[in-house]
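Novice: Pasted the sequence and its predicted model underneath.
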Protein chains: 2
Amino acid sequence: MNQGKQHTDIEIAQAAKLKRITDIASSLQLLEDELEPYGRYKAKISLDVLNRLAERKDAKVILVTSINPTAAGEGKSTVTVGLGQAMNKLGKKAVIAMREPSLGPTMGLKGGATGGGYSQVLPMEDINLHFTGDLHAITTANNALSAFIDNHIHQGNELKIDYRRITWRRALDLNDRALREVITGLGGPANGAPREDGFQITVASEIMAILCLAKGIDDLKERLSKIVVGYDYDKSPVFVKTLGYEGALALLLKDALKPNLVQTIEHTPAIIHGGPFANIAHGCNSILATKIASKLGDYVVTEAGFGADLGAEKFFHIKTRAEEINVGAVVIVATIRALKLHGGASKDSLSKPDADTLKKGFSNLQKHIETIKKFGKPYVIAINKFLNDADEEIHALLQWSKEHAHPVSLTEVWEKGGEGGLDLAEKVIKECEGDTNQITYLYKPEDSIKSKIEAVAKIVYGADGVEYSPAAEKQIKDFEEQGWDGLPVCMAKTQYSLSDNPKLTGRPENFTMNVRELRPSLGAGFLVVLTGEILTMPGLPKKPAALQMNVSSSGKASGLF
Amino acid sequence: MNQGKQHTDIEIAQAAKLKRITDIASSLQLLEDELEPYGRYKAKISLDVLNRLAERKDAKVILVTSINPTAAGEGKSTVTVGLGQAMNKLGKKAVIAMREPSLGPTMGLKGGATGGGYSQVLPMEDINLHFTGDLHAITTANNALSAFIDNHIHQGNELKIDYRRITWRRALDLNDRALREVITGLGGPANGAPREDGFQITVASEIMAILCLAKGIDDLKERLSKIVVGYDYDKSPVFVKTLGYEGALALLLKDALKPNLVQTIEHTPAIIHGGPFANIAHGCNSILATKIASKLGDYVVTEAGFGADLGAEKFFHIKTRAEEINVGAVVIVATIRALKLHGGASKDSLSKPDADTLKKGFSNLQKHIETIKKFGKPYVIAINKFLNDADEEIHALLQWSKEHAHPVSLTEVWEKGGEGGLDLAEKVIKECEGDTNQITYLYKPEDSIKSKIEAVAKIVYGADGVEYSPAAEKQIKDFEEQGWDGLPVCMAKTQYSLSDNPKLTGRPENFTMNVRELRPSLGAGFLVVLTGEILTMPGLPKKPAALQMNVSSSGKASGLF
C-alpha cells in the first residue's frame, strides 16, 4: 500500500539490507538440520522442531484482527509486522506468523500483501510471487484430484459417481472470471464425458484449509482422505479415500506442509504459511506455523482474515479448537477511512476530514470489541494511521476510546516501523500479562447445526435470526443423517458488513441472516455455511496491476506495490 | 524404470548418500553468490556466471538421442546420466544437462523421469515432483495470459480481439483429458462471454519453448512480447506486446529462467532445466543450462526428446541455430526391445528372445544413423542393456554394427552406473576429438516454408513427398504475407514412427507426409507444423501411477519408480 509517500513499498523493500536466513534461524536457535534454505532469504522449517521442543512452554499468541474492512484492507498485515518489530525493540522475543499472499489478487488489484512501508516482510517480491511454491503444490493437488475423478468415470466408473453431483471443483491461483463456470470433457468420447465444472481460486480450495489445520503428514493424509468429492447414483458421498488417492495427494503436499521462515525489514523472524480464504474457509495461517512460532518465541503475533466477524470468529471456533493455542490478547485494527465509511461516507470521500461521520462509524468498532469480549479475551484498539488522517479525527477516536475505557494505541508502523508501534506493544504485553488464557466459546461442537449458525449470527453479527433456503434445510437434515453435525461451522459471508448485505455498513440492526447453501468440508473439519452470494473466483479489474509489472535485465522486480 | 531387479529406482535413490549442493557447486568453481540453494541438494545458478566466464572456451557437447522409442522410452536419460558419470570416472570434467520431468506423466504412467538404477539424478523425488517450481511458474504465466485476454474482451475489447480466433490455450502440468476441449465464460455476463478453449500440458506451452530458447531476461521478455495470442476482427494477429503484459509474464518467470543444479548418484554435476514437448515444441533442455554447463565443464552430456527424427533434428535446426553450441558427437541409444518392435514383433512379445525379428528392426537404427551423418556429426551407438536381453540378440546387434563400421558400445549404466558406460565414454571422447565442430544444416532459414518442411520430411523421415491440407496451404500463404517465413519449422509428428503414422515401425518407405495445420510460435521463433493428430494434453491410464504413491509420517516418498 502506498500511502502517498515519496517511496513505494517495493522501493523501501529493495533498499533494505537483509540478513541471511541462516542468521535469522540461528537467532531462533533452530538447528541446521531443521532448516531448508530456499535461496538466501527464505527457508522451510522442518516439522521435527516440534518434537525437539515439545516440552517447551508455548508463547503467548496475539491475534490481530480488524473492523469490517474497505476493499483496500485496513493494514492488518502492516500492523502485525509492525507490532512484532516493536516487541523485539522492547527486548521481547517475538515471532510473526502470517498468511501467504495469493497471486491472483497480486496480479489484479493489490500488487502485493506483505505489509507496507517500514513494516514489511521480505523479500516481498518472492513472497508475493511464487514464494516457496506452496500455493502451486495446492493447485496441483487440487487439480490432480479433479483429473483422477474424471478419469475414474472415463475408465468405467466402478464407483458409480454421479457426474452431475461432483462437488469437487478445479482451482487456479489467478483471478479469472471466465473459469467460474465451464463445461469440460467436450470433443467426443476420447476426451471423457461433458459435464459442468468450475474453477475457484486456490486459496478457496479445501486443500488449502486442510494444509492450514493439519498437525503433521499423517493428519494431512487423514484429512485428505475425508474430502467429499461428490455423490454416487445412490446419493451416498464419495470420499478421496474411496478413490484411493490420499497418498499421492499427501506426497504432492509434503513440502508445502513445512512452514516458511523469512524476516521483516527490521530482521524480526516471520513464519509465513498457508492462506485460506476468510469467507469460504477459516482465513488463518497454518496451525503448524503458529505452533512452531509458539515454540521459538515468547510472543507470537498472528492475523486472521477480514474483520473480527469472519477471521477472529473462525480463529477461535475453528483454529483454536483444532489445536490448543495460548491466546494472550487481540488487537483490533481500525482506520479513520474505514470508520468514516461505516459512518455513512461515500467511497470517494474517505480522504476528506469529517469527524462527525467518523463518530457515527464507531458503532462498527464497538460491535467487534463486544465480540472479542464475548470470547473472553483482552484487546487493544490499534489505530493504523494514514498520512492524510486529520488530527481532529484521530483525536475523536482516542477520546471515544478513553470515554469507554477501551485500551487504544495510535500506531505509525507504516512510516516508522517498530518504532511506530512501541506504545501498542507495551499495551498488548500488559493485556497479555493479565490474561488467564481461557477462551469462552460461543457454541459447543455438539450443538445442532442450526444452533451453531444462530450463535454466530446473533452474537457475532447482531442478527435477529436466521432464515434457511429450502435447499439449506434439506442439507442440514442430510448432514445430520450422515453424522457430520458435530463439526464447527465456517460461515461464508461478505467481509464488508456485519450482515450478509455488503451495503449495510456500520452496525446493522433488525436484520435476518439468509443461509443459502451448506458445503461439507470434512477434510478441513467444518461445514461451510454460505450466506448470500460468495464468489470463490475473483475477476480482474479493467487495468490489472500486472500492466505495471516488470523485471529488469538483472532480474530486479518492479510494479509490485 | 524397474528392470525387474531386486531394487526399484526410488529404493536405489533413497539409499544413496548425497553431497551438499554447495560442495557440488564448489567442484565446478561456482562462486557462492552464483548459487541459490533450494534445500540442501538443489540450487539455482545465477545467470551472472555467463558473464564471468564469457571468455572461457566452450565444452564439447555430446547429444544423446535414440531410435524411434516404445511407449516406455529407451532409457535416453539413463544413458545420459551414465555417460556423464563414466566420463568423470575417466578423469574428464563432464557436466550433464537434462530436461525437467513433467508431473502429468509422472502421476500417470511413468512414475518419474530422472534416469534409472545407478544412473539417476537426485533427489529423484524432488525433481519428479515440484523441483524448484519452474513448471509451476510457466503454468502460472500461461494461464495469467489467458486471464488477461479474457479480461480484455470482458472490459470492452478495445483491441477488437475475435474471441472465436483466440489461439492461446490454457495449461496445466497434469494428464487430464477432460480439459482438452472446454467452454469457458458460462454463467452470464459477470463471468465474461462463453467461448471454446482447451488446456494443454504445461510442457506443450509456447512459454516453455521460450524459456528454453531465451538467452537472458531481456531476450525472454522480447520473445514473450512476440507471442501471437489470436486474431482481431480484421484477422490481424494480436501479440502479447499489444496487450502490454510481457513485463508481468517475464516477472513471473524470472526465477524459472535460472538453471537448476543437482547431482547424479555418483555426484556428477547435472543441470536440469526446461522440458518442452519434443513433438509440439523442440524437445531440448534450455540453452542457458547447456551454455552454463559448457562454461563449467570440458564435456557436456545432453539429450533431446524422442528419436533422432524429432529431438535431434530440432536440436540442430532450432537449438544450435538460436545459440552456438559446440557439438562434438552424437550418441544413438538403441534397445533390443525397441528394435524387435521395429522388426515387426508385437508389443506383448518384446521380452521374448527373437534375433531374426530383431535384425529386421535394424533398419530403423540405420535410418537415424544416416540422419546424424547428414548433419555432419560423428556418432556412437549405445546399446542400453536390459536384464532379459538374450546374448544372441546383443551379439547380433554388435555384429551388424561391426559389419557396417558403426562405432558401438554395450552399456550397462542402469545396473553399474558410470562403470557400465566406460567403453561408451572412451568411444565418444575419441569421436569428439576427431570432430571439426561444424554442423551441416539440411535447410536454410531463408528457404520457403514448404522447402523447409520437405527437407525434413525427405531427408530425415524418408518420405517421398509432402501433402498439405487446404487449411495448411492457406496458412503458409498467410504466414508468408506476415513475413514469418524466415523461421525454422518445428515438426509435430508421432514419436513412434519415422512417418506420420504411428503404426509404421521400422523404416517406412513410399509414404507421403500429411501436413494438417501450422501454428506460429513467434516467441519461440519457429513455425509448428502439425502432421497427423497430435495430442497436447495426455490422459491418465486406468490405474494411474499415483494410486501407488505415498509419503510416510517422516516425509519419505514411495511409489515413484
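Specialist: Arrived safely. Residues are numbered from 1 along each chain as shown, chains lettered A, B, ... in the order given.

Novice: Okay, strands next: where are they in the stretch 51-200 of chain A?
Specialist: Assigned by DSSP state E, counting those that start in this stretch, the stretch 51-200 of chain A shows strands spanning A:60-66, A:94-98, A:115-116, A:119-122, A:161-166, A:170-172, A:182-184, A:195-197, A:199-201.

Novice: which of those strands has the lowest average pLDDT?
Specialist: Among those, strand A:115-116 has the lowest mean pLDDT, at a mean of 92.

Novice: what helices or strands is it leaning on?
Specialist: Judged by 3 or more CB pairs under 8 Å, 6 or more residues apart in numbering or on different chains; DSSP states H and E, the packing partners of strand A:115-116 are helix A:76-89. Where C-beta positions appear, they are placed from N, C-alpha and C, glycine not excepted.

Novice: Now do the helix it packs on: distance to the chain's middle.
Specialist: Centre-to-centre, helix A:76-89 and its host chain are 17 Å apart (CA atoms, centre = their mean, to the nearest Å).

Novice: Okay, domains of chain A per the record?
Specialist: A:13-132+A:256-433, A:134-253, A:449-530 (the TED database).

Novice: how about CSV for the ones you listed, with mean neighbour count added?
Specialist: Output for these, formatted as CSV (neighbours: other CB atoms under 10 Å in any protein chain shown):
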stretch, mean neighbour count
domain A:13-132+A:256-433, 22
domain A:134-253, 22
domain A:449-530, 20
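
Novice: For B:Lys359, which of these is the nearest?
Specialist: Evaluated with CB to CB, the domains of chain A place domain A:134-253 nearest to B:Lys359, the distance being 36.6 Å.

Novice: Any stretches of chain A with poor pLDDT?
Specialist: Counting by pLDDT under 70, chain A has low-confidence residues at A:1-6, A:110-112.

Novice: Go ahead and flag the most central residue of it.
Specialist: Most central in chain A under CA atoms, centre = their mean is A:Gly283, positioned 2.8 Å from the mean C-alpha point.

Novice: looking at it, that one is touching A:Gly305, isn't it?
Specialist: Yes. In terms of CB atoms under 8 Å, A:Gly283 counts as a neighbour of A:Gly305; the distance is 3.1 Å.

Novice: so who does the closest residue in space to A:Arg177 that isn't next to it in sequence touch?
Specialist: Leaving aside its chain neighbours, A:Arg177 sits nearest to A:Gly539 (3.6 Å; criterion: CB to CB, 6 or more residues apart in numbering or on different chains). If a contact means CB atoms under 8 Å, 6 or more residues apart in numbering or on different chains, then A:Gly539 has A:Gly108, A:Asn175, A:Asp176, A:Arg177, B:Asn151, B:His154, B:Ala190 as its contacts.

Novice: what do you get for A:Gln263?
Specialist: Counting by CB under 8 Å, 6+ apart, A:Gln263 has contacts A:Leu18, A:Lys19, A:Ile21, A:Ile24, A:Tyr41, A:Val121, A:Leu122, A:Pro269, A:Ala270.

Novice: And it, its phi and psi?
Specialist: The phi and psi values for A:Gln263, taken as degrees, to the nearest 10, are phi -140, psi 160.

Novice: Could you export stretch A:133-151 as PDB, CA atoms only?
Specialist: Written as PDB, here are the backbone C-alpha positions of stretch A:133-151 (Å, rounded to 0.1, in the frame of the first residue of the first chain):
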ATOM      1  CA  GLY A 133       5.800 -23.000  -4.200                       C
ATOM      2  CA  ASP A 134       3.200 -23.900  -1.500                       C
ATOM      3  CA  LEU A 135       0.200 -22.500  -3.400                       C
ATOM      4  CA  HIS A 136       1.400 -24.200  -6.600                       C
ATOM      5  CA  ALA A 137       1.600 -27.500  -4.800                       C
ATOM      6  CA  ILE A 138      -2.000 -27.000  -3.600                       C
ATOM      7  CA  THR A 139      -3.200 -26.000  -7.000                       C
ATOM      8  CA  THR A 140      -1.600 -29.200  -8.400                       C
ATOM      9  CA  ALA A 141      -3.000 -31.500  -5.800                       C
ATOM     10  CA  ASN A 142      -6.500 -29.900  -6.200                       C
ATOM     11  CA  ASN A 143      -6.400 -30.400 -10.000                       C
ATOM     12  CA  ALA A 144      -4.800 -33.800  -9.900                       C
ATOM     13  CA  LEU A 145      -7.800 -34.900  -7.800                       C
ATOM     14  CA  SER A 146     -10.200 -33.500 -10.500                       C
ATOM     15  CA  ALA A 147      -8.300 -35.400 -13.100                       C
ATOM     16  CA  PHE A 148      -8.500 -38.600 -11.000                       C
ATOM     17  CA  ILE A 149     -12.300 -38.200 -10.600                       C
ATOM     18  CA  ASP A 150     -12.900 -37.600 -14.300                       C
ATOM     19  CA  ASN A 151     -10.500 -40.400 -15.200                       C
END
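
Novice: what helices or strands is the strand or helix carrying A:Glu454 leaning on?
Specialist: Per DSSP states H and E, A:Glu454 falls inside helix A:449-455. When contacts are defined as 3+ CB pairs under 8 Å, 6+ apart, helix A:449-455 sits against strand A:465-468, helix A:470-482, strand A:489-492, strand A:512-521.

Novice: B:Gln399: which of those is closest?
Specialist: Of all the helices and strands packed on helix A:449-455, strand A:512-521 comes closest under CB to CB, at 65.9 Å.
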